[in-house]
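Asker: coords please:
(4 chains)
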There are 2 protein chains.
Amino acid sequence: MERKCSNLPFLILMQTSKAIHDQIKVEIAKNKLGITEFSVLEVLYQKGKQTIQQIGTCILVSSGSMTYVIDKLEQRGLLSRNACPDDRRMIHVILTDDGNKLMNEIMPKYHEFVDNMFDTLTSDEAGTLVSLMKKVRDKV
Amino acid sequence: MERKCSNLPFLILMQTSKAIHDQIKVEIAKNKLGITEFSVLEVLYQKGKQTIQQIGTCILVSSGSMTYVIDKLEQRGLLSRNACPDDRRMIHVILTDDGNKLMNEIMPKYHEFVDNMFDTLTSDEAGTLVSLMKKVRDKV
DNA sequence: TTTAAATATCTTGAATATGAGATAATCATA
DNA sequence: TATGATTATCTCATATTCAAGATATTTAAA
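Answerer: Here you go, the predicted model:
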């Protein structure tokens, strides 16, 4: 993931994102969830009923991985698959009561955790960081 | 990896790093290498002889993964394991002539590729981006 | 209607990553 | 010199991810 490299912005960007990713992984693991699993639950929690396709597009995960992760979350009783009557190719996914309950517990702590990671920046600095990264992101 | 989130710096940072990571993955795959494989070769190319431990620490990969990736690169004849006479727990790894030749071809193109991703930023902007990200990285 | 193309999901196999535990060597110190 | 702790590597089981192909459905066109 990380490499020594003559390009400093590149190096620091990759180091920073990995550090953040690793921290979040640890935080989320406390709830016996992987990051992808948590991402699926988060989308459903925020948006309600979604197709597998929609979730996968949203969190940038392939259909093969989606099947795998939805399977596991369904087995744990955190979400359920529901056939869509309009278009039987699609499957709607929704949180179960257990899933909702779990997310109600997790999300406040999670948001606080993420905010804490960036609270070393002033509001101005955060804005600058965002605009500079967007320039890079949109070019790549 | 990516999630909708109320924290904008977090969201953009993770999106940007993933976009870059994906691009590099594609670029490196042209040489029939994974990112971890490439990272190992890069460390050896820059630093010469290294122990497996040193390489793993440098590229932030576990010992289990190191054994696997060194195995594959050794099978392809790009590097070789050499027992260390001073401390027989350690194994020195060096690039073979084939490995060196390959890296001589790859590295100039790779550096150009990385530089291109960031050349939308002025020198000042790059400096600002680096210092802001360092603040976040060092806090996390 | 029939066919072809596009779409949505699932299945399978390969690549990659980790952690736990095994093995073996070295180091520290009593 | 013992012996206990640490270190380096490897092995093994498990987990995650993706790509390619299979299946089934819908849509569009002939």
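Asker: List the buried residues for stretch A:130-140?
Answerer: A:V130, A:L132, A:M133, A:K135, A:V136, A:R137, A:V140 (16 or more other Cβ atoms under 10 Å in any protein chain shown). For the C-beta atoms, the positions are set from N, CA and C on the backbone; glycine is no exception.
Asker: Now distance to DNA strand D too, for these, in CSV please.
Answerer: Shown next, in CSV, are those (distance: Cβ to the nearest atom of the strand, whole Å):
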residue, distance to DNA strand D
A:V130, 25
A:L132, 26
A:M133, 21
A:K135, 25
A:V136, 21
A:R137, 18
A:V140, 17
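Asker: In helices, which of those fall?
Answerer: Among the buried residues of stretch A:130-140, the members falling in helices (DSSP state H) are A:V130, A:L132, A:M133, A:K135, A:V136, A:R137.
Asker: Could you restrict these to the ones contacting chain B?
Answerer: A:V130, A:L132, A:M133, A:K135, A:V136, A:R137 (Cβ under 8 Å from any Cβ of the partner chain).
Asker: Let me see the mean pLDDT of stretch A:105-122.
Answerer: The predicted model assigns stretch A:105-122 a mean pLDDT of 94.
Asker: Do whichever strand or helix holds A:V43 and DNA strand C come into contact?
Answerer: Assigned by DSSP states H and E, A:V43 falls within helix A:35-47. No. Helix A:35-47 stays clear of DNA strand C (Cβ under 7 Å from any atom of the strand), getting no nearer than 12.0 Å.
Asker: Report the central residue of chain A.
Answerer: By Cα atoms, centre = their mean, the mean C-alpha position of chain A lies nearest to A:S39, the distance being 3.4 Å.
Asker: Leaving out chain neighbours, which residue sits closest to that one?
Answerer: Using Cβ to Cβ, 6 or more residues apart in numbering or on different chains and skipping the chain neighbours, the partner closest in space to A:S39 is A:I59 (4.3 Å).
Asker: Isn't that neighbour up against A:E37?
Answerer: No. If you go by Cβ atoms under 8 Å, A:I59 and A:E37 don't touch, sitting 10.3 Å apart.
Asker: and A:E125, helix, strand or coil?
Answerer: Secondary structure state of A:E125, per DSSP: H, G, I helix; E, B strand; the rest coil, is helix.
Asker: can you pull the contacts of it?
Answerer: Contact analysis of A:E125 by Cβ atoms under 8 Å, 6 or more residues apart in numbering or on different chains lists B:L132, B:K135.
Asker: And for A:L44?
Answerer: A:Q50, A:I55, A:L79, A:V93, A:I94, A:L95, A:G99.
Asker: Report pLDDT for it.
Answerer: 95.
Asker: now the helix or strand harbouring A:V69: mean pLDDT?
Answerer: Using DSSP H and E, A:V69 maps to helix A:63-75. In this model, helix A:63-75 has a mean pLDDT of 94.
Asker: That one vs DNA strand C: in contact?
Answerer: Yes. Using Cβ under 7 Å from any atom of the strand, helix A:63-75 reaches DNA strand C at A:S63, A:G64, A:M66, A:T67, A:Y68, A:I70.
Asker: Turn those into a markdown table, including distance to DNA strand D and neighbour count.
Answerer: Formatted as a markdown table, the residues of helix A:63-75 next to DNA strand C follow (distance: Cβ to the nearest atom of the strand, whole Å; neighbours: other Cβ atoms under 10 Å in any protein chain shown):
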| residue | distance to DNA strand D | neighbour count |
| --- | --- | --- |
| A:S63 | 6 | 11 |
| A:G64 | 2 | 9 |
| A:M66 | 8 | 20 |
| A:T67 | 8 | 12 |
| A:Y68 | 4 | 14 |
| A:I70 | 11 | 20 |
